[in-house]
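[1] quick one: sequence plus predicted model below, questions after.
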Amino acid sequence: MSVPFEMILFGGALLVFFSVFSSKASDKLGVPALLIFMVIGMLAGSEGIGKIQFENYALANFIGIVALSYILFYGGLGTNWTDVKPVSAIGVVLATVGVFLTAVVMAVFVSFIFGMGWKESFLLGAIVSSTDAAAVFSVLRSKNITLSNRLRSLLEFESASNDPMAVFLTISALLLITTPGSTPLSLLPKFVLEMGLGFGFGIGFGWLSVKIINKINLDYDGLYPVLLMTLVLLIYSISSFLKGNGFLTVYIAGIVIGNSRFIHKNSLVRFNEGLAWLMQITMFVALGLLVNPLELVPYILPGILAALVLMFVARPACVYICTFFTKMKFNEKTMISWVGLRGAVPIILATFPFVYNIEDSNKIFNIVFFVVFLSALTQGVSLGKVAGFLKLSRPIEAKRRYPIEFERVEGINADLFEIIIPSQSAAVGKKIVDLKLPSESLVALISRGDGFLIPNGSTVVEEGDVFLALGRDSDLAAIQNIVNQMEEEKTEDGSE
């Protein structure tokens, strides 16, 4: 019996609506929102109350590739290179060697316990080898916990950059299974070529994208998000066609774009954040729809064992090995090893074996379900307690939200800066006009206590004020220098 088109639209919209609404519940429960999305998909599936029949793994795979492109692009777009640069070396090691070691440890376990062939075992290990940054930090935010800037930057960089390696290992394992005579050694040149081209294309396409966005001068602002959406797909497809790693390319391009100046940056970043969330919701709901609870029963024990090995053996082993020669403390290494939540990527990769007609596809998919589900549930719920036990947690600082924004447009070389007036600054008690700020800068707004005020030259500066100043980079440096000099002057005056 055919289903009316309107009902398909209604059902899809309802699933997304409940998924978005359930994100509020995740804050209360302290579990990743993505886990709730998965449960919603299961409830809507063929064995749930929704009775939706969805078994098209090829379509799920296609949607997954598109979804992963946008998820990785936003991961790069939100990466602050200034924060990441000091930890980039160890992050790259964890994202490559660490992912490989995780896949190998899991392959040994799967082959020994489940009796699967080594190629199939490595395939399963590769699928679950990468982590999910979004799940980790959504849980930490829900518990009002944050980590040190160094540790947070490392975890974000590793989680966002290890997906291309997991994709490469998964495709390589599939080629080893389906291509007679292929060996792991024969795939090494492919790895070097894909990663090298992917990295190079990412830098080049990222730079070119910034130029296009700034120079195209569209008549309608609403077309800029459409332009960036299109560029992401073009970047992925061109890189993949030219034998580069398309996922690495979109991630690197995201870093280049995110750390550049371009018009409508604030609105475009927010748009892509929403798009990335939509892609993750889509994949987790799709996983729930694809899962048949009755078929899961035979895989309960294997799935639990695989999840436990991943959480307590494979992930810690790879982290301690990769960070052995670093100066990181033991509690930091332990935290990194526990921050190994699995997310949307293993779900997407679990559809690949069906596309390649692998014999153990159903077995692999069901085990991956348990790994993702138990990882999100166990590690997600306990992250806050583990961070506190290791003495690595600190309260989240409230982020100021301002009633005005500034979008860079062609023809103006300025930006909006946040400048905090220290309590010991000699600026306190003086009028803004007496501070002798750069002539081409403007204090557009002052955040004072819980409110805001629009200043003029006669406004008196108070302790704890936060200036929202409009100006060039050199203006920001000049204002900060003025404040620093005033601090010194006040100290000298007080000592006389």
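    Yep, it's here. Residues are numbered from 1 along each chain as shown.

[2] my read: Ser121 touches Ala107, true?
    Yes. Applying Cβ atoms under 8 Å, one finds Ser121 in contact with Ala107, separated by 4.2 Å. Heads up, the C-betas are built off the backbone N, CA and C, glycines and all.

[3] just give me the residue closest to the centre of this protein.
    Centroid-nearest residue in the chain, with Cα atoms, centre = their mean: Gly75, separated by 4.0 Å.

[4] any idea how far the closest residue to that one other than its chain neighbours is from Met7?
    Spatial nearest neighbour of Gly75, chain neighbours left out: Ala160 (3.4 Å); criterion: Cβ to Cβ, 6 or more residues apart in numbering. According to Cβ to Cβ, to the nearest Å, Ala160 and Met7 sit 37 Å apart.

[5] residues near Lys24, how many?
    Residues lying near Lys24 (other Cβ atoms under 10 Å) number 11.

[6] what helix or strand is it located in?
    helix 5-29 (DSSP states H and E).

[7] from the contact counts, what lies against that helix?
    Under the contact definition 3 or more Cβ pairs under 8 Å, 6 or more residues apart in numbering; DSSP states H and E, helix 5-29 sits against helix 33-44, helix 133-142, helix 265-290.

[8] mean pLDDT for those: which is lowest?
    Least confident of the helices and strands packed on helix 5-29, judged by mean pLDDT, is helix 133-142 with a mean of 61.

[9] how about the host helix or strand of the residue nearest to the centre of the chain: buried residues?
    Gly75 belongs to helix 57-77 when elements are defined using DSSP H and E. Using 16 or more other Cβ atoms under 10 Å as the test for burial, helix 57-77 gives 57, 60-61, 63-65, 67-77.

[10] and for stretch 182-192?
    Neighbour count says stretch 182-192 has Leu187, Phe191 buried, by 16+ other Cβ under 10 Å.

[11] per-residue pLDDT, the residue nearest to the centre of the chain?
    In this model, Gly75 is scored at 86, pLDDT.

[12] quick check: it vs Ser441, distance?
    As defined by Cβ to Cβ, Gly75 lies at a distance of 34 Å from Ser441.

[13] now Met116
    Met116 is 65 Å from Ser441, by Cβ to Cβ.

[14] so where's the stretch 301-450 of the chain uncertain?
    394-413, 423 (pLDDT under 70).

[15] which residues in it form helices?
    315-322, 330-338, 344-349, 352-355, 361-389 (DSSP state H, counting those that start in this stretch).

[16] which residues touch the third one?
    Residues outside helix 344-349 that contact it (Cβ atoms under 8 Å, 6 or more residues apart in numbering): 34, 61, 64-65, 67-68, 71, 126-128, 130, 132, 163, 166-167, 170, 279-280, 283-284, 286-287, 368, 371-372.

[17] how about the second one?
    When contacts are defined by Cβ under 8 Å, 6+ apart, helix 330-338 is touched by residues 94, 147, 151, 154-155, 158, 311, 315-316, 319-320, 323, 379, 382-383, 386-387, 390-392.

[18] need the helices of the stretch 301-450 of the chain in TSV (columns: distance to Val192 and mean neighbour count).
    TSV is the format used below for the helices of the stretch 301-450 of the chain (distance: least, Cβ to Cβ, whole Å; neighbours: other Cβ atoms under 10 Å):
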stretch	distance to Val192	mean neighbour count
helix 315-322	20	20
helix 330-338	27	19
helix 344-349	22	28
helix 352-355	22	21
helix 361-389	28	20
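
[19] distance to Leu301 added to those helices, as JSON lines?
    Shown next, in JSON lines, are those (distance: least, Cβ to Cβ, whole Å):
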{"stretch": "helix 315-322", "distance to Leu301": "21"}
{"stretch": "helix 330-338", "distance to Leu301": "24"}
{"stretch": "helix 344-349", "distance to Leu301": "19"}
{"stretch": "helix 352-355", "distance to Leu301": "21"}
{"stretch": "helix 361-389", "distance to Leu301": "9"}
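
[20] nearest approach to Leu242 belongs to which of those helices?
    Taking Cβ to Cβ, helix 352-355 is the member of these nearest to Leu242, at 21.3 Å.

[21] what packs against that closest one?
    The contact analysis (3+ Cβ pairs under 8 Å, 6+ apart) places helix 352-355 against helix 57-77, helix 163-178, helix 361-389.

[22] and the next element down the chain from the first one?
    What it means is helix 57-77. Counting by DSSP H and E, the next helix or strand C-terminal to helix 57-77 is helix 81-84.
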